[in-house]
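Novice: Below: sequence and its predicted model.
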Amino acid sequence: MELKCANCDVVFDNNGTRRKFCCLRCHVVGRTDCTPGLGPKGDCWHWLDSAAFGGYGQIRVGKRMLRVHRVVYEEFIGPIPKHNSYHGMCVRHTCDNPICVRPDHLVYGTQTQNIMDAVVRKRFVTGVKNKQTKISDRDVKWILWLHSQGNVTQKRLSKVFGVSKQHMSRIIHRKRRIL
Ligand SMILES: [Zn+2]
Ligand SMILES: [Zn+2]
C-alpha cells in the first residue's frame, strides 16, 4: 500500500506491512522523544517504541528485532566494530539510561572516543540519494545537534538528510525560530 512516511511525508510502498516510515532513519527520528527533561540529566532522547528485557529500546528491521541504540549508533555515527566476545562489541550509554537513543550518549566498548570524529570520518558520506525529503521538526533537532558539534559540514548533513545544500543552510540558520 502506498502511504506517506510518518516522518518526512515521502510517499512510499510498505509492501503490505505495517511500516509507517520510508526508511530506517525516518523510523528512528520519528519515534524518538526529544522533549527536554528526560533521563537522569534531563538531556536524554527516549525511544517511544517497545523496550526489551533490561529496558533497551527495540526496533524492527525487516524481520529482526534489534536494539535501537545500536541501530542509532550504526546509522548516525559509524559501524560497530566486530568483536569475538559473546555479545560482540557493546554500545554503552554514558547516561546509564537504556531507553535513550541520543547519539552523543552512546559509546562503544570501553573506548571514550570522540564520537564526532567518527561521524566525520565514516558515516556522513553515505545517505539516501535522489530522495526529495521533507524535514520534520524532529529531523531539525538532530540536524542542529549534529551541526552544533562542529566539523560536520552542511554538505554532509544535506546528503544524509536528502535535501539540497541551500535548504540545509536555511534549516540551520532558522534555528532560533524553531527552538
Ligand atoms: Zn521518511
Ligand atoms: Zn541519554
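Specialist: The structure has been received and is ready for your questions. Ligands and ions are numbered 1, 2, ... in the order given.
Novice: End to end on stretch 10-20, go ahead and measure it.
Specialist: End-to-end span of stretch 10-20 (C-alpha to C-alpha, to the nearest Å): 11 Å.
Novice: In what element of secondary structure is Thr17 found?
Specialist: Thr17 belongs to no helix or strand when assigned by DSSP states H and E.
Novice: That one: neighbouring residues, count only.
Specialist: 10 (other C-beta atoms under 10 Å). For the C-beta atoms, the positions are set from N, CA and C on the backbone; glycine is no exception.
Novice: Can you name the residues that contact it?
Specialist: Counting by C-beta atoms under 8 Å, 6 or more residues apart in numbering, Thr17 touches no other residue.
Novice: Repeat that for the one 5 residues further on.
Specialist: Applying C-beta under 8 Å, 6+ apart, we find Cys22 in contact with 5, 7-8, 10, 12, 131.
Novice: Kindly supply the ChimeraX command isolating those of these that are buried.
Specialist: To isolate the buried members of those in ChimeraX, using 16 or more other C-beta atoms under 10 Å:
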select :5,7,8,10,12
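Novice: The contacts of Cys22: which two are farthest apart?
Specialist: Asn7 and Lys131 (12.3 Å; C-beta to C-beta).
Novice: circling back: closest one to Lys41 out of the contacts of Cys22, please.
Specialist: Asn7 (26.4 Å).
Novice: and that closest one, what pLDDT?
Specialist: What the model reports for Asn7 is a pLDDT of 92.
Novice: To which secondary structure element type does it belong?
Specialist: When classified by DSSP: H, G, I helix; E, B strand; the rest coil, Asn7 comes out as coil.
Novice: just checking, it touches Arg138?
Specialist: Yes - using C-beta atoms under 8 Å, Asn7 makes contact with Arg138 at a distance of 6.8 Å.
Novice: Can I get stretch 21-32 in CSV, CA atoms only?
Specialist: Output in CSV follows, covering the C-alpha atoms of stretch 21-32 (Å, rounded to 0.1, in the frame of the first residue of the first chain):
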residue,chain,number,x,y,z
PHE,A,21,8.2,5.1,7.8
CYS,A,22,10.0,5.2,4.4
CYS,A,23,13.4,4.3,5.8
LEU,A,24,15.3,3.4,8.9
ARG,A,25,16.5,6.9,9.6
CYS,A,26,12.9,8.2,9.5
HIS,A,27,11.8,5.4,11.8
VAL,A,28,14.5,6.3,14.3
VAL,A,29,13.9,10.0,14.2
GLY,A,30,10.1,9.7,14.0
ARG,A,31,9.8,7.5,17.1
THR,A,32,12.2,9.5,19.3
